[in-house]
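Q: Kindly generate the corresponding structure for this input.
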Amino acid sequence: MKEQEHQEEHMPKEEQDQQQSPQDAAEPMENIESVEVSEEDPRIAELQKALDDSQRQVEKLREDLVRYAADFENFRKQKEREARVAGERAVENLMREILPVVDDVDRVMQHSAATLSNSDQARPFVEGVELLRKNLMNWLDKKGVKKIEAQGQKMDVNFHEAITQLDHPDAEPDTVIEEYQAGYMLGEKVLRHSKVVVSK
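A: A predicted model of the protein is given here:
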């Protein structure tokens, strides 16, 4: 026995470790605590709940983002529409303010041109008024303002305003026989109805 112990003392450490009994080698394994996680572990349930909550929050944020984007697009379109309507209304108001000037020029042409054109001294004035009217009508035309046809047309309440009715043997009933004041349109919108005399 002593001889065996003597041999072990002089044996290399590696060989001594290899000769440990199976019982000694198994002892450390018995001291290791189990680290297996049960499927019923409450930590898993908590993590799953946190994940579900996060997914719901992400989905809500996505829905909110889509809604906010739609609201902004509707707001943008509304402002564009309001700006367009305001611009159109401003043009309409400007054109309506200019129409009385056109009326005055027309009256000068109708009542004075024929008489004044026979005078050499007045002819430059008449020509100046004619040029003024021509330029004014060209400007209105470029802005989309058109004169409403009335004379000889069938009475149409969409474009004409009858101020009186007269007997007229050569005209069918409800025919415009005289234009008292010219009417104008801006695009498809009536700026001012034509004031007319209509046959009975």
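Q: Give me the pLDDT for the closest residue to His193 other than its chain neighbours.
A: With sequence-adjacent residues excluded and distances taken as CB to CB, 6 or more residues apart in numbering, His193 is closest to Glu161, at 4.2 Å. To be clear about C-beta, it is placed using only N, CA and C from the backbone, and glycine gets the same treatment. pLDDT for Glu161: 94.
Q: Work out for me the element Glu161 sits within.
A: Following DSSP states H and E, the helix or strand that holds Glu161 is strand 160-166.
Q: what's that strand packed up against?
A: Judged by 3 or more CB pairs under 8 Å, 6 or more residues apart in numbering; DSSP states H and E, strand 160-166 is in contact with strand 176-181, strand 194-199.
Q: which stretch among those comes nearest Asp71?
A: For Asp71, the closest of the helices and strands packed on strand 160-166 is strand 194-199, at 46.0 Å, according to CB to CB.
Q: Now do the closest one and strand 176-181, the angle between them.
A: 150 degrees (axes from the mean of the first three to the mean of the last three CA atoms, to 10 degrees).
Q: Tell me the confidence at the most centrally placed residue in the chain?
A: The centre of the chain sits closest to Lys77, judged by CA atoms, centre = their mean, with a distance of 1.9 Å. Note on Lys77: pLDDT of 94.
Q: Three-state assignment for it, please.
A: helix (DSSP: H, G, I helix; E, B strand; the rest coil).
Q: quick one on the thing from earlier: count the neighbours of the residue nearest to His193 for me.
A: Glu161 has 16 neighbours, counted by other CB atoms under 10 Å.
Q: what's it in contact with, if anything?
A: For Glu161, the contacting residues are Gly183, His193, Ser194, Lys195, Val196, by CB atoms under 8 Å, 6 or more residues apart in numbering.
Q: Could you identify which of those has the most neighbours?
A: Counting by other CB under 10 Å, top hit in the contacts of Glu161: Val196 with 26 neighbours.
Q: After the helix or strand harbouring Asp64, heading C-terminal, what element do we hit next?
A: Taking DSSP H and E as the criterion, Asp64 maps to helix 42-116. If you walk from helix 42-116 toward the C-terminus, the next helix or strand you reach (DSSP H and E) is helix 123-142.
Q: quick one: that next one to chain centroid distance?
A: 40 Å (CA atoms, centre = their mean, to the nearest Å).
Q: Describe which strands the helix or strand that it is followed by pairs with in its sheet and in which direction.
A: Note on helix 123-142: by DSSP H and E, the next helix or strand toward the C-terminus is strand 145-147. Strand 145-147 sits in its sheet next to strand 184-186 (antiparallel), going by DSSP bridges.
Q: Where does the prediction get shaky in the protein?
A: Along the chain, the parts satisfying pLDDT under 70 run over 1-40, 113-114, 116-118.
Q: domains in it, as residue ranges please.
A: The record assigns the chain these domain ranges, following the TED database: 45-143, 145-199.
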